[in-house]
Each structure stands twice: as structure tokens, then as C-alpha cells.
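Visitor: Sharing a model that was predicted from the sequence below.
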Amino acid sequence: MRLTTGFVLWLVAAAAATAVGLLAVSAIGTDIFGAGQDPLSQSEVDELLASRPAPPPTTTSSAPPPPPEKTTVTEGGTVIARCDGALVRIVSASPAQGFQVDPDDDDVDDHPTVKFQSEEQEIEVRLRCVDGTPAAEVRYDD
């Protein structure tokens, strides 16, 4: 008798769980208080878009583009420079492994120069502006 009662209670619980699951699945896509909203037609979408106020015009400031940068890669390292008018500005100088930048030699004859030095070699990158673009001359000294 206990076994039969347990089995019947189990069947009732399984049926109730199934009913709750089916009810939950059927409720997907509907609102809490009833049926969900039908999709809008193309004309309804166009109407709603036309009734919205136009966004304010965007103000674009025509800032001049940054001056072009020139990257010079050598065995001793990499130099990135740009021209500000007729003057060359060194943006960065990164030595390659085994080299270091000579800190005392940054201006020679009004043309910035970067020297990369290792125990065996010295590489000099001399910069100048040509038509608003940096030009590099590389010299190797063993």
C-alpha cells in the first residue's frame, strides 16, 4: 500500500511539473499581463521615424591633420621624427638590443642627430625636413 501511494504521489508531482513547464513555455513571447505586441509594419516604422525630432547638427572642427611622421629603422635602433615647420622634432629614439642612445649628441648643424652606440659600432641618424617631411641620413662608423 505504501508503495502504491508513493508511486501515485510521484505521478501527480511529475504531471504537475510538466504542466508548469508547458505553461512557462507557452508564456514566452507574451507580456506579463497578456499577449505580446505584434511586430510593426514598414509603414508604421516609417511613421514613427518621421515623427521623431531631427538630431541636432554635429559640429565638426576641421583640425589640421598631424604632421606626418617618419620612422627610420637601423641595426642600432629606431628613430621616429616629424617636422614642425622647418624644424625636425624627434618623437622617439629606441635603441636595439646591445645599443644605447648617446645622450650628448642631439643637435649638430641645426639638424637633430641620434647616435646609437654599441661596443663595436656607432650608427648616426641625421635628420632634416624636406618639403614638410622628415628625411634621414644614416652613417655607420665601425
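Guide: Nice, I can see it.
Visitor: where along this protein do the strands fall?
Guide: For the chain, strands defined by DSSP state E occupy the ranges 69-73, 77-84, 87-95, 100-101, 107-108, 111-117, 122-130, 133-141.
Visitor: for those, which one ends up most surrounded?
Guide: With neighbours defined as mean count of other C-beta atoms under 10 Å, the strands of the chain peak in mean count at strand 111-117, which reaches a mean of 21. The way it works is simple: take the backbone N, C-alpha and C, and place the C-beta from them, glycine included.
Visitor: Tell me how far that one lies from the chain's centre.
Guide: Centroid displacement of strand 111-117 relative to its chain, using C-alpha atoms, centre = their mean, to the nearest Å, is 33 Å.
Visitor: elements contacting it?
Guide: strand 77-84, strand 87-95, strand 100-101, strand 122-130 (3 or more C-beta pairs under 8 Å, 6 or more residues apart in numbering; DSSP states H and E).
Visitor: please redo it, this time with the cut-off set to 7 Å
Guide: With contacts taken as 3 or more C-beta pairs under 7 Å, 6 or more residues apart in numbering; DSSP states H and E, strand 111-117 sits against strand 87-95, strand 100-101, strand 122-130.
Visitor: can you list the ones you listed in a markdown table and add distance to residue 57 and mean pLDDT?
Guide: Below are those laid out as a markdown table (distance: least, C-beta to C-beta, whole Å; pLDDT from 0 to 100):
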| stretch | distance to residue 57 | mean pLDDT |
| --- | --- | --- |
| strand 87-95 | 36 | 93 |
| strand 100-101 | 49 | 94 |
| strand 122-130 | 39 | 93 |
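Visitor: Reformat those strands as TSV; add distance to residue 42.
Guide: As requested, those are exported to TSV (distance: least, C-beta to C-beta, whole Å):
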stretch	distance to residue 42
strand 87-95	53
strand 100-101	65
strand 122-130	58
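Visitor: pLDDT below threshold where in the chain?
Guide: Within the chain, the stretches with pLDDT under 70 are 27, 29-37, 59-61, 104-110.
Visitor: Select the longest helix from it.
Guide: Assignment by DSSP state H gives helix 2-27 as the longest helix of the chain.
Visitor: from the chain's centre, how far out does that one sit?
Guide: With C-alpha atoms, centre = their mean, you get 54 Å for helix 2-27.
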